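Chemist: starting from these lines, generate the structure:
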Amino acid sequence: MIIEEIMKTKVATLQAANTVADAIKLMEDYKIRHIPIVDGNRHVIGLVTDRDIRDATPSIFRRQEHSEDFQKPLETIMKKNVITAHPLDFVEETAALFYEHHISCMPVIQDSRLVGIVTETDLLHTLVELTGAHTPGSQIEVKVPNKSGTLWEVANVIRNRKANIQSVLVYPDKKDEAYKILVIRVQTMNPVGLIHDLKAAGHHVLWPNIPGMPI
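Modeler: Numbers count the residues shown, from 1 in each chain. Reported below is the predicted structural model:
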């Protein structure tokens, strides 16, 4: 999946000369938390978030004493080194940048111009859709050797049960690098028979751990 498939293309923007008060109003009107700051050619020159606004404005108890803070131009508070994405970037790689740089949004740039924006909420919704967590089903975790062919072996057991696989995630076993953990979501509400078949085939099912069933 690429960013173009999940990004918002209707992006509310402001310019560097706009004020903090302008940004607050825009965020309230559109229920947003991030505003790309652009020049006359829609080149991104900065970014303002709701956190930047909170840091730059007085508390609600002292607003009358420091009303001039709301008239500061956004160029005085905006972040200037903005990490951006391209519409053809992969969602997974973009999510890794969010993780590495602790950011909450990323303007999307094509031909040096702003064409969209993607936020951590967009990535969360995408993760839910990719894993099928929003649809009825059951999650099964299987510990397997870190070698080729193991995913096929597990999938073959599921195929023989005529169960439909909704998604598969793979992550390393933190206790033993010789193993991987398969997180498989299947389209069945009663996975007991499938778990029995997996264990009978010699696979180590971590979850669900059904009482009375041999490991």
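Chemist: start from the N-terminal end of this structure and give the helices.
Modeler: Secondary structure of the chain (DSSP state H): helices at 20-30, 50-56, 91-101, 120-131, 150-160, 192-200.
Chemist: in CSV, list these along with mean pLDDT and mean neighbour count.
Modeler: Every C-beta, even on glycine, is put in place using the N, C-alpha and C of the backbone. Below are the helices of the chain laid out as CSV (pLDDT from 0 to 100; neighbours: other C-beta atoms under 10 Å):
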stretch, mean pLDDT, mean neighbour count
helix 20-30, 96, 15
helix 50-56, 92, 14
helix 91-101, 96, 14
helix 120-131, 92, 15
helix 150-160, 96, 15
helix 192-200, 95, 16
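Chemist: how close does the residue nearest the centre of the chain sit to Ala163?
Modeler: Nearest to the mean C-alpha position of the chain, counting by C-alpha atoms, centre = their mean, stands Leu123 at 2.7 Å. Distance from Leu123 to Ala163, counting by C-beta to C-beta, to the nearest Å: 29 Å.
Chemist: walk me through the domains of the protein.
Modeler: Domain ranges of the chain: 3-127, 132-207, per automatic domain parsing.
Chemist: as CSV, the helices of the chain with distance to Lys143 would be great.
Modeler: Shown next, in CSV, are the helices of the chain (distance: least, C-beta to C-beta, whole Å):
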stretch, distance to Lys143
helix 20-30, 46
helix 50-56, 40
helix 91-101, 23
helix 120-131, 19
helix 150-160, 10
helix 192-200, 11
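Chemist: nearest to Ile181, of those helices?
Modeler: Closest of those to Ile181 is helix 150-160, at 11.2 Å (criterion: C-beta to C-beta).
Chemist: does anything pack onto that closest one? Which helices or strands?
Modeler: For helix 150-160, the elements it packs on are strand 138-145, strand 165-172, strand 179-186, helix 192-200, judged by 3 or more C-beta pairs under 8 Å, 6 or more residues apart in numbering; DSSP states H and E.
Chemist: pLDDT weak spots in the protein?
Modeler: Within the chain, the stretches with pLDDT under 70 are 59-66, 210-215.
Chemist: that older thread, which of the helices of the chain sits closest to Thr9?
Modeler: Closest approach to Thr9 among the helices of the chain (C-beta to C-beta): helix 120-131, 11.9 Å.
Chemist: packing partners for that closest one?
Modeler: For helix 120-131, the packing partners by 3+ C-beta pairs under 8 Å, 6+ apart come out as helix 91-101, strand 165-172.
Chemist: what do you get if the cut-off is 10 Å, keeping everything else the same?
Modeler: In this structure, helix 120-131 packs against helix 91-101, strand 105-110, strand 113-119, strand 165-172, with contacts taken as 3 or more C-beta pairs under 10 Å, 6 or more residues apart in numbering; DSSP states H and E.
Chemist: so for Leu130, which of those sits nearest?
Modeler: In terms of C-beta to C-beta, the element of the helices and strands packed on helix 120-131 nearest to Leu130 is strand 165-172, at 6.3 Å.
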